[in-house]
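Colleague: Fold the following.
(one chain, ligands or ions: 1)
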Amino acid sequence: MEKMNDLKALLAHEVQDLISVEDQIIEAMPAMIAKAQNGELKKALEQHLSVTEKQRTRLDEVQKLVNGGASEENKGFLSGLFGAITGGEKCKGMEGIISEGEKIMRADMDVDVKDAAIIACAQKIEHYEICGYGTARAYAMELGLKEAESLLRQTLDEEYFADNLLTRLAYSGINEDAETTDETKAGGAAAKSNNAPKKAAAKKKVEPKKAATPNINKAAAKAENGKAASKKVAAKTSAPKKASGKK
Ligand SMILES: [Fe+2]
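Modeller: Purely as a prediction, here's the structure:
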């Protein structure tokens, strides 16, 4: 990995990481969709795959903006698969999350339980993305890269939407369905509806969160402008804070 001396270099690294993240998700999602049994869950995943493909294209634009229009070698799907060969690094974080998800989805489990597990896997992916996009957006904002910041915010909002939708699906019946064992199901629907006291379904309405106000590292931005040098850049997440990164 090349030395990163300023916030812009860190942003470029973060964008490259997100490119690998999206490529891996696009590759992994069809299997997840195929395993989902709940119709609403399947539909939500299919829609998010379509959104993810657009996000991937958007990242190419962000990369150009960050690099001042310079073309990149590592474009498209191949960068995710052969990143190590072409120069871009494969995101090990997302690789691990997907690998863990594939492992649990291979496990022998009831279809309702599998749907609950798929939601968990998908939300782990979403949370990683929310962290990455929130951070990249904060850096772009600090650097005054308005167009890049706008594109990153657009994707960040989509990730929050997808995460909230998955939460709603979990609360609106999928987790509850997973509570019921195969034995109970064999006892018949009557037993379920008449004898087994149904827990009050926690059908909470979850409003999409607003995109987090980015945390900003002013020191790194100054280095970008040549005003300060050799300060180490602390990569922070998008947790909303007032500009507190001054050191
Ligand atoms: Fe995404």
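Colleague: and Leu59, what does it touch?
Modeller: Leu59 makes contacts with 15, 18-19, 22, 155, as judged by C-beta atoms under 8 Å, 6 or more residues apart in numbering. In short, each C-beta sits where N, CA and C put it, glycine included.
Colleague: Select from those residues every entry located in strands.
Modeller: Among the contacts of Leu59, no residue falls in strands (DSSP state E).
Colleague: Cross-check these against the ion and keep the overlap.
Modeller: Among the contacts of Leu59, no residue sits close to the ion (C-beta under 5 Å from the ion).
Colleague: Of those residues, just say which sits nearest to the ion.
Modeller: Closest approach to the ion among those (C-beta to the ion): Glu22, at 5.4 Å.
Colleague: hang on, the closest one packs against Thr52?
Modeller: Yes: using C-beta atoms under 8 Å, Glu22 makes contact with Thr52 at a distance of 6.0 Å.
Colleague: Looking at these two, which one has more neighbours?
Modeller: When neighbours are counted by other C-beta atoms under 10 Å, Glu22 comes out ahead of the other of Glu22 and Thr52, with 26 against 21.
Colleague: That one: what's it in contact with?
Modeller: Applying C-beta under 8 Å, 6+ apart, one finds that Glu22 lies in contact with 52, 55-56, 59, 80.
Colleague: Can you name the two of those that sit furthest apart?
Modeller: Set against one another by C-beta to C-beta, those have their most distant pair in Gln55 and Gly80, with a gap of 13.2 Å.
Colleague: Tell me which of these two has more neighbours.
Modeller: Taking Gln55 and Gly80 together and counting by other C-beta under 10 Å, Gln55 has the greater number of neighbours (26 against 23).
Colleague: Reduced to three states, what does the more buried one come out as?
Modeller: Using DSSP: H, G, I helix; E, B strand; the rest coil as the criterion, the local structure at Gln55 reads helix.
Colleague: residues touching it, list them.
Modeller: Taking C-beta under 8 Å, 6+ apart as the criterion, Gln55 is in contact with 22, 155, 158.
Colleague: at 10 Å instead, please
Modeller: Under the criterion of C-beta atoms under 10 Å, 6 or more residues apart in numbering, the contact list for Gln55 reads 18-19, 21-22, 25-26, 48, 62, 129, 133, 151-152, 154-156, 158-159.
Colleague: Okay, it and His48: tell me how far apart.
Modeller: From Gln55 over to His48 the distance is 10 Å, taken as C-beta to C-beta, to the nearest Å.
Colleague: Any chance you could list residues touching both of those two?
Modeller: 25, 158-159.
Colleague: Could you dump the residues you listed into CSV with neighbour count, pLDDT and distance to Met94 added?
Modeller: Formatted as CSV, the shared contacts of Gln55 and His48 follow (neighbours: other C-beta atoms under 10 Å; pLDDT from 0 to 100; distance: C-beta to C-beta, whole Å):
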residue, neighbour count, pLDDT, distance to Met94
Ile25, 25, 98, 7
Glu158, 20, 98, 17
Glu159, 24, 97, 13
